[in-house]
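Participant: Quick one: sequence plus predicted model below, questions after.
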Amino acid sequence: MTETVTGGGPVRIDDREGIALLREALERAEYTSEAMEEHLGLQGPFSRDPADRPVYIRRLPEGKPFSALVKLFLLGMAVTEEEATAAFEPLPFDRAVSLGLLEQSELGVEARVSIIPWSDFFIVSDPVEQEFGPTRADHVLNLIPPSVVLVKVTVRRPIEAALDLGAGGGVQSLFAAKHARRVVAADVNPRALRYCEFNAILNRLDDVIEAREGSLFEPVEGERFDLLVSNPPYVISPETQYAFRDSGLAGDMLCEQLVRRAPEFLNEGGFAHILISWGHGAEEAWDVPVRRWLEGSGCDALLLHLMSQDALAYASQWNRTLRWEPTAFSNALDRWTQYLEEHRIERVGWGALTLRRRSGGENWVATGNLPAEGTDMASDHVLRIFEAHDRIAAAGDDPGFLLDERLRLADEHEIEQRVRFSEGATVQHVLLRLDGGFRFSVGLDGRTT
């Protein structure tokens with residue numbers, strides 16, 4: 001069970017010199033994502049499965065500060081005070097404790113936070129729960145797959161102002177601060193904002209990022225931005241257990257409110273990128289409900305669909321931390337499926353919505369599927385998609401508007417060909433694939449090759 005706890009986070013933000021020394025220690029230990037890939041033999045994302053921990057431990061180089069930091073902040077293990085002191089050089093051990101990073105226990109020295117290196121950033125949050133769910137209602141997540149998706153689909157260009165709505169520990173704010181003159185990070189959870197401020201200082205972006213507490217758009221009423229990013233508590237849930245997951249609003253109402261209100265906070269030409277989930281009928285096209293939300297928005301929209309799940313699969317996914325308690329798991333499945341049935345939700349869709357405010361003319365909505373194999377940084381790809389649909393919309397009813405155009409493939413395309421040899425060579429399959437962005441692919445035939 002969770003406990004409803006409010007108040008500031010465990011990290012201190014008043015010792016700016018100590019935070020600077022922490023960064024120096026992390027850099028000195030070469031605590032980077034590249035080092036983790038090399039030393040831990042990662043072939044993909046770092047695994048949270050406890051069964052993988054013994055493998056990781058055996059791969060760590062002995063006696064290195066890097067290894068002590070991995071044990072503390074990724075594997076949730078205790079180390080000796082001697083190991084911790086060496087790993088945090090030049091940050092004194094007692095100062096690391098005072099900052100809220102470490103604590104003494106019967107097992108030795110343990111971490112009070114998680115620190116994940118990703119891209120150019122160090123991201124600090126509450127410790128990652130390995131097998132069971134968080135124990136606090138106001139738990140602050142670190143880098144998770146949906147956060148990575150949002151980072152990758154966001155348009156990156158020099159802008160004046162950005163809004164990170166439901167900022168959590170500030171992952172999206174950090175990336176936005178690289179190309180925005182100012183970033184407002186808004187969240188209803190004060191512990192999340194404490195981490196966000198700590199991360200801004202740690203990553204030397206506190207002169208750009210401003211944290212504001214409040215629900216939904218409340219902290220920024222009357223303001224407009226060139227970019228809005230949001231990874232909200234979009235789970236359609238009967239619970240009010242976690243601030244990062246449960247909105248407390250009925251059904252998919254939170255996401256509908258975000259989609260309907262986001263345009264009023266965008267400057268002309270500004271982009272909004274929102275992760276959303278929504279309910280739809282089993283026989284209904286998955287995009288129909290979101291199209292309704294977009295009516296009269298004054299925005300062009302690109303909706304990329306990752307998946308839709310039936311009620312039971314959805315309930316099972318979001319309650320998998322209870323799988324070790326069969327009775328609690330079964331009760332949760334009943335409670336969640338009944339809730340979805342009461343709201344006439346037969347399937348739950350999940351995806352990424354991009355809006356661009358454009359006044360004048362008829363706005364368009366385009367849809368597609370997010371590839372299951374993953375996405376690269378897709379800013380340029382998103383801009384190309386918007387440019388292409390602008391051209392299509394401008395052509396109106398002229399079906400031959402492309403006949404006089406010379407088209408070329410964007411960079412990073414590749415062709416994959418399968419040939420069968422039997423009394424000669426026969427081309428059986430040709431695939432055109434984009435090695436970048438959304439990694440879309442399409443089959444080619446004789447007329448297109």
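Facilitator: Alright, I've got the coordinates.

Participant: gap between stretch 398-413 and the chain center?
Facilitator: Taking Cα atoms, centre = their mean, to the nearest Å, the mean C-alpha location of stretch 398-413 is offset from the chain mean by 33 Å.

Participant: My error: substitute stretch 376-394 in the last question.
Facilitator: In this view, stretch 376-394 has its centroid 21 Å away from the chain centroid, taken as Cα atoms, centre = their mean.

Participant: Check stretch 29-37 too.
Facilitator: With Cα atoms, centre = their mean, you get 21 Å for stretch 29-37.

Participant: try stretch 163-175
Facilitator: On the basis of Cα atoms, centre = their mean, stretch 163-175 is displaced by 10 Å from the centre of the chain it belongs to.

Participant: what about that stretch, start to end distance?
Facilitator: 12 Å (Cα to Cα, to the nearest Å).

Participant: State which strand of the protein is the longest.
Facilitator: Secondary structure of the chain per DSSP state E: the longest strand is strand 266-280.

Participant: Give me the next element, helix or strand, following that strand.
Facilitator: Downstream of strand 266-280, the next assigned helix or strand under DSSP states H and E is helix 288-294.

Participant: quick one: buried residues of that next one?
Facilitator: Residues of helix 288-294 classed as buried by neighbour count (16 or more other Cβ atoms under 10 Å): 289-290, 293-294. Where C-beta positions appear, they are placed from N, C-alpha and C, glycine not excepted.

Participant: which residues sit against that helix?
Facilitator: For helix 288-294, the external contacting residues (Cβ atoms under 8 Å, 6 or more residues apart in numbering) are 252, 256, 259-260, 276, 278-280, 301, 303, 349, 353, 363, 365.

Participant: Next secondary structure after it?
Facilitator: Downstream of helix 288-294, the first helix or strand assigned by DSSP H and E is strand 299-310.

Participant: what's that following strand packed up against?
Facilitator: strand 266-280, strand 347-357, strand 365-369, helix 379-395 (3 or more Cβ pairs under 8 Å, 6 or more residues apart in numbering; DSSP states H and E).

Participant: which of those is buried the deepest?
Facilitator: Sort the helices and strands packed on strand 299-310 by mean neighbour count, taking mean count of other Cβ atoms under 10 Å, and strand 347-357 sits at the top with a mean of 24.

Participant: relative to strand 266-280, how tilted is that strand?
Facilitator: 170 degrees (axes from the mean of the first three to the mean of the last three Cα atoms, to 10 degrees).

Participant: by contact count, what packs against strand 347-357?
Facilitator: helix 145-153, strand 266-280, helix 288-294, strand 299-310, helix 311-318.

Participant: Any idea how far the longest one is from the middle of the chain?
Facilitator: Per Cα atoms, centre = their mean, the displacement of strand 266-280 from the mean C-alpha position of its chain is 14 Å.

Participant: before we move on, what about the third one?
Facilitator: How far helix 288-294 lies from its chain's middle: 23 Å, per Cα atoms, centre = their mean.

Participant: Kindly reformat the buried residues of helix 288-294 as TSV containing distance to residue 40 and pLDDT.
Facilitator: Formatted as TSV, the buried residues of helix 288-294 follow (distance: Cβ to Cβ, whole Å; pLDDT from 0 to 100):
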residue	distance to residue 40	pLDDT
289	42	95
290	39	96
293	42	97
294	43	96
